[in-house]
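Colleague: Here is a sequence together with a model predicted from it:
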Amino acid sequence: MSTEKFSPKHIERAHWWLAKAIDTLAEAKLLIPSGQTRLGARNRLFYSVHHTARALLVLIGNNSKTHTTIINQFGLEWVQKREFPATYGRLLNTLCKDRDRADYGEYVPTFQSDVERLAQQVENFINRARRTIPPVSTAKILSLLVNTNPEIRDFSFDIYCPKSYYHHTRFTVWCPKGRLTDSWLKTLLNMMVKTLRALKVKNSKLYVIGFNSRINQYEPKHILMLDFDDMSTLPKDKFKDEPGFFFRTGSGFHFIGERLYDYDKWKRRMKSFLPLASKKHYELSMKRGYATLRLTASPRKPFAPAYIGRSS
């Protein structure tokens, strides 16, 4: 496939649709084990590939909306013109017909092994799309924070083991705003993992980079950071007065705000989003004195947070 250039706006919208595809596949996997709801699984599998195909179409600025148009345009734009594997075009057609029969037909055989096989094909389609849709640069997102807040001079990052919040090795690194790049972050993680191995720290390969709410080394300034565990709902309407950035994770959403707060106001602002936001993340942030949100993936957290848009 050619190294095609895509607009930032289209990349952002593509990530939104891909997040929907991942969620819908998760719904299908919950339904498959039950013989009583396996017809519903076929419905969710179709919509998962539908959302995946739509993600790829909006990536190139194609705003097709109806099922038939999306199927036709995906075949034309991606299978024919961009040599995307034809098997996924056939999968889209097959699941569209399956969905019609399952929803409107009198009887459709739904053997578990067949539906599980289809679910694996859908997952393969999503993974192929994830490799095709460019990620949004983390360094670029943080540069937008600097543009909004010229008083920002430094960012801080923690290298830590996710899901192991207590009694483990944790590094904090400060980086001047002018030196921050994606390659700098990658080098940081690689070097810290090597250090962890040299220190005989167990499970060093599980460590990730997290972005911290603390801004500037010598001032108690923070930005709002929230973790939403419920991946079925993103309460964007609650952020009309809180500009910032949304990220999709494997199990929910992250929010990184643009505004700077002094420490006491930051604590109150964090608390104001309960119970929408994760209580555990809030409590750990208060104990630590700052919040951290993960930026990278690891075997324990295989889904790297993907930028999906701004709140305002």
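Modeller: Nice, thanks for sending it over. Numbering: from 1, shown residues only.
Colleague: Break down this protein into its strands, ranges please.
Modeller: 154-160, 171-176, 208-215, 221-228, 244-248, 253-262, 292-294, 306-310 (DSSP state E).
Colleague: which residues does the nearest residue to Ser204 once chain neighbours are set aside contact?
Modeller: Among residues not flanking Ser204 along the chain, Leu196 sits closest, at 3.6 Å (Cβ to Cβ, 6 or more residues apart in numbering). C-betas here are computed from N, CA, C, even on glycine. Listed by Cβ atoms under 8 Å, 6 or more residues apart in numbering, the contact partners of Leu196 are Ile159, Thr169, Ser204, Tyr207.
Colleague: What residues of the helix or strand bottoming out on mean pLDDT in the chain count as buried?
Modeller: Least confident helix or strand, the chain: strand 306-310 with a mean of 82, by mean pLDDT, DSSP states H and E. Buried residues in strand 306-310, counted by 16 or more other Cβ atoms under 10 Å: Ala306, Tyr307, Ile308, Gly309.
Colleague: Equivalent analysis for stretch 187-197, please.
Modeller: When burial is assessed from 16+ other Cβ under 10 Å, stretch 187-197 yields the following buried residues: Leu188, Leu189, Met192, Val193, Leu196.
Colleague: Could you check how far the last one is from Glu27?
Modeller: So the one you mean is Leu196. Using Cβ to Cβ, to the nearest Å, Leu196 is found at 37 Å from Glu27.
Colleague: On the pLDDT front, check the closest residue to Phe84 other than its chain neighbours for me.
Modeller: Nearest-residue entry for Phe84: Trp78, 4.0 Å, with adjacent residues in sequence omitted and distances by Cβ to Cβ, 6+ apart. If you check Trp78, the pLDDT there is 97.
Colleague: For Trp78, which residues are in contact?
Modeller: Trp78 touches Ala53, Leu56, Leu57, Phe84, Gly89, counting by Cβ under 8 Å, 6+ apart.
Colleague: from these, which two are the most distant?
Modeller: Leu57 and Gly89 (12.4 Å; Cβ to Cβ).
Colleague: if I look at these two, which residues touch both of them?
Modeller: The contact sets of Leu57 and Gly89 overlap at Phe74, Trp78 (Cβ under 8 Å, 6+ apart).
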